[in-house]
Every structure is written in C-alpha cells, then in structure tokens.
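**Q** quick one: sequence and predicted model below, then my questions.
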Amino acid sequence: MVPNLMTLRFANRIFSPIWNRDSISSVVISFKEPFGTQGRGGYFDQFGIIRDVMQNHLFQILTLVAMEKPPSTAAEDIRNEKVKVLKSIPPIAVSDVVLGQYRGKKEGTDEEKQGYLDDPTVPAGSCTPTFASAVVFVKNERWDGVPFILRCGKALNERKAEVRVQFKDVPGDIFPEGEAKRNELVIRVQPNEAVYLKMMNKKPGMSFECEETELDLTYGSRYRDVNLPDAYERLILDVFCGSQIHFVRSDELAEAWRIFTPLLHEIDSAKIKPYSYDYGSRGPIENDALMAKYNFKYTGTYRWVKPDSNL
Ligand SMILES: NC(=O)C1=CN([C@@H]2O[C@H](COP(=O)(O)OP(=O)(O)OC[C@H]3O[C@@H](n4cnc5c(N)ncnc54)[C@H](OP(=O)(O)O)[C@@H]3O)[C@@H](O)[C@H]2O)C=CC1
Ligand SMILES: O=C1O[C@H](COP(=O)(O)O)[C@@H](O)[C@H](O)[C@H]1O
C-alpha cells in the first residue's frame, strides 16, 4: 500500500490540483500497535518510540505524501525528491510534541496489567516514551503552514497504520451550520488495506439534509483472489532484484536525523516526563488537544456502514 501513494497521487488527475496548502487542512500519519514491548523493554528503553518508529517508518510515508512528482518512477528519481522534502523541514519543536508511556490496565488481561515500567528489564523510573505525536512542517510553496501530525505508539487500542488527509471546510457553505463535514482521504496501510474518501451526500428522500458517506476501495473486496504481499516480503524481493526504491539513501538518513536530533537531545537532557496512558487506550488525551490545535477536526459523527457482500 505504501508505494500506492505514488500511484494515487500521480496517476489520478483528481488529486493533483488539490494536493496542497490551498485545500488540505492537515495530514495525520499514524502507526498504532496493540501490544507493549513484549519483554524487549531493556532494548527499547535505550531508544524510545521516536527513534524506533517515527524517524524511520513514519518519515518514509511522510516523504511519499509530501514530495513533488519525480521525473520517473526510477529509484534515484524518487529518492532525490524524498531528500528535497526533508531539506524543507525544520527541526521539530519540543512544544509540538506529546510523549506518553503506557501503564498497566487494572482490569485487563495479564498482558494488559503490565505497564512499561513493570518490565524488569526497564530501569526504574524510566522516562522513555512508548507513544509520541509530533507536528512537522514542510516549508515549501506547496505545504507551507500545513501540519503533518505524526503519531505512533505501543499498547494502544488497535493495530493501525494509515495516512489521513483532512481537507479544509467548504468555503461559502450554503448548508445549515456544521452539517457539511470535512472531506477526508484515508489510506489504510494495515490491517485490511483500503483507500476511502469521506464525502457528503444528499440524504435520500425529500429533504436537502447532508449525510456523511464514503467512496470506498476496500482491497479485500476489489482484489478478492489476489495475494497481497507483506511489507517485509516485498522488501526482501527488492533485495534479490537489486532495487533500492524502498531503501533509505545516506543523504536522506542524514536529513532525517537533522530534523530529529535536537528534539531527542532536549527530551533526554531535560528528562521530559511522558504522560501516562492505559494499556489498550487511544494514548494520552493530550494528543487530541495537539491535533485539534493543528487543524485536525474530529466530529465523532461519521458512521461506516459495511457494504453487504451479497449485493
Ligand atoms: N473500507 C473500510 O474498511 C472502511 C472502514 N471504515 C471504518 O469505519 C470506522 C470509522 O472510520 P474513521 O475513518 O476512523 O472515522 P472516525 O470519524 O470515526 O475517526 C476519525 C479519526 O478520529 C480519531 N479519533 C477517534 N476518537 C477521537 C477523539 N475522541 N478525539 C479526536 N480524534 C479521535 C480516530 O483515530 P484514533 O482513535 O486513532 O485517534 C480517527 O483517526 C473505522 O473503524 C474504519 O476502519 C470506514 C470506511 C471504510
Ligand atoms: O522496526 C520496527 O517495526 C515494528 C513494526 O513493524 P511491523 O511491520 O512489524 O508492523 C515495531 O514493532 C518495532 O518496535 C520496530 O523496531
């Protein structure tokens, strides 16, 4: 699904004119895991979630969402564009970051009762974050002012990796206030790959009421008998074929660390204490406030109606 970002963006005329600061309000890139450090807390504690997932996994997705169209699909052309995006990103400000650490859930399973600090391999009182959200800005003509909100964490409520592009409110809205909700394009990487675009539709019947619906490309329905390779299967195949398209180049790596290193040093030297969140929750509630501050509007009104597979 990650390479599909290129196809969605550059092989569809409908997206290119709106893929910019004029139409997009925020981009949220999430990577949520429903399990904790699973006995490898001692290793994890030296690094934390920003080094473990955000600086690499989430940044790879970010560059594909934000980069300009490469001259071709050749690996070097794509990697050149990815580096250009990174060069336009200033170091992340600590005030634009929320850190969390999971604690045991009192009424949970044996696994859920174990907080991060209960792992005997984790040093007592460790401040290492197991959850982080961070706001990144790409200071170029296309993206200036659009927040890219990166979120990742362990021991959360679900397994989910997705990109959520939230569009701006409709200007000159003619419908009753608040009825027309924002469009959102969701690219769900895992599990159950899907691309869906939340859109408003007239409620069937005599009224003019708006209703939230979606254009839905669920891979399981559209590609029923197709084997969808696992991400690692795909990477191993690239190794055999000598393709570097999905591998990070050294200048890309250097740029990514330029963006994260001052933040990581500040977190470490100031011993910033992460907020606690329950095992199996959505993470620290402070994250919702950060997202609301940076143009992500959650209304809680959208209801997905799973299509009837017999139709
Ligand atoms: N083809 C398919 O399979 C499709 C499936 N669906 C399903 O429908 C359900 C709803 O769709 P979804 O796109 O998540 O839309 P929602 O409007 O329910 O959620 C949108 C986003 O808001 C976040 N959120 C949830 N609670 C809060 C809160 N209290 N404050 C701030 N943010 C919040 C969610 O993520 P988080 O909790 O991670 O913060 C999510 O990123 C999902 O389970 C989805 O998988 C929908 C369309 C197509
Ligand atoms: O590199 C890592 O990735 C995994 C998650 O990747 P997945 O493809 O297995 O979902 C993460 O659990 C681990 O902490 C991290 O080191």
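**A** The structure has been received and is ready for your questions. Ligands and ions are numbered 1, 2, ... in the order given.
**Q** every contact and neighbour count from this point should use C-alpha atoms.
**A** Noted.
**Q** and the residue lying farthest from the centre of the chain, what is it in contact with?
**A** Among the C-alpha atoms of the chain, the one farthest from their average position, using Cα atoms, centre = their mean, is that of M206, at 39.4 Å. Listed by Cα atoms under 8 Å, 6 or more residues apart in numbering, M206 has no contact partners.
**Q** any idea how far it lies from ligand 1?
**A** According to Cα to the nearest ligand atom, to the nearest Å, M206 and ligand 1 sit 26 Å apart.
**Q** and what of L264?
**A** Taking Cα to the nearest ligand atom, one finds L264 at 24 Å from ligand 1.
**Q** my read is that residue is in a helix, agree?
**A** Yes. Counting by DSSP: H, G, I helix; E, B strand; the rest coil, L264 is part of a helix.
**Q** hey, C-alpha coordinates of stretch 215-230 in PDB?
**A** In PDB, the C-alpha atoms belonging to stretch 215-230 read as follows (Å, rounded to 0.1, in the frame of the first residue of the first chain):
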ATOM      1  CA  LEU A 215     -16.100   6.300  -1.800                       C
ATOM      2  CA  ASP A 216     -14.600   3.100  -0.600                       C
ATOM      3  CA  LEU A 217     -11.900   1.000  -2.200                       C
ATOM      4  CA  THR A 218     -11.500  -2.000   0.100                       C
ATOM      5  CA  TYR A 219      -8.800  -4.200  -1.200                       C
ATOM      6  CA  GLY A 220     -10.400  -7.400   0.200                       C
ATOM      7  CA  SER A 221     -13.500  -6.700  -2.000                       C
ATOM      8  CA  ARG A 222     -11.800  -5.200  -5.100                       C
ATOM      9  CA  TYR A 223      -8.900  -7.700  -5.100                       C
ATOM     10  CA  ARG A 224     -10.500 -10.800  -3.800                       C
ATOM     11  CA  ASP A 225      -8.300 -13.500  -5.000                       C
ATOM     12  CA  VAL A 226      -5.100 -11.500  -5.100                       C
ATOM     13  CA  ASN A 227      -2.200 -12.300  -2.800                       C
ATOM     14  CA  LEU A 228      -1.200  -9.100  -1.200                       C
ATOM     15  CA  PRO A 229       2.500  -9.400  -0.200                       C
ATOM     16  CA  ASP A 230       3.500  -8.500   3.300                       C
END
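**Q** run a quick neighbour tally on the closest residue to K105 other than its chain neighbours.
**A** The shortest distance from K105 to any non-neighbouring residue, by Cα to Cα, 6 or more residues apart in numbering, is to K113 (4.8 Å). A count of nearby residues for K113, using other Cα atoms under 10 Å, gives 16.
**Q** where along the stretch 51-200 of the chain do the helices fall?
**A** 59-66, 75-87, 110-113 (DSSP state H, counting those that start in this stretch).
**Q** what's the first one packed up against?
**A** Think helix 59-66. helix 4-10, helix 75-87 (3 or more Cα pairs under 8 Å, 6 or more residues apart in numbering; DSSP states H and E).
**Q** any idea which of the ones you listed is most buried?
**A** helix 75-87 (a mean of 19; mean count of other Cα atoms under 10 Å).
**Q** now that helix and helix 59-66, what's the angle there?
**A** Counting by axes from the mean of the first three to the mean of the last three Cα atoms, to 10 degrees, helix 75-87 points 90 degrees away from the direction of helix 59-66.
**Q** so how many other residues sit close to the closest residue in space to M200 that isn't next to it in sequence?
**A** Spatial nearest neighbour of M200, chain neighbours left out: E212 (4.7 Å); criterion: Cα to Cα, 6+ apart. Counted by other Cα under 10 Å, the residues lying close to E212 total 19.
**Q** mean confidence for the helix or strand harbouring E212?
**A** In this structure, E212 sits in strand 210-218 according to DSSP states H and E. What strand 210-218 shows for mean pLDDT is 96.
**Q** now do stretch 12-22
**A** Mean predicted lDDT for stretch 12-22 stands at 96.
**Q** my guess is K106 meets K113, correct?
**A** Yes. Between K106 and K113 a contact is recorded at 5.8 Å, counting by Cα atoms under 8 Å.
**Q** one step back: next, give phi and psi for the residue farthest from the centre of the chain.
**A** phi -80, psi -20 (degrees, to the nearest 10).
**Q** the strand holding E212 and ligand 1, any residue contact?
**A** Yes. Judged by Cα under 6 Å from any ligand atom, strand 210-218 comes into contact with ligand 1 at D216, T218.
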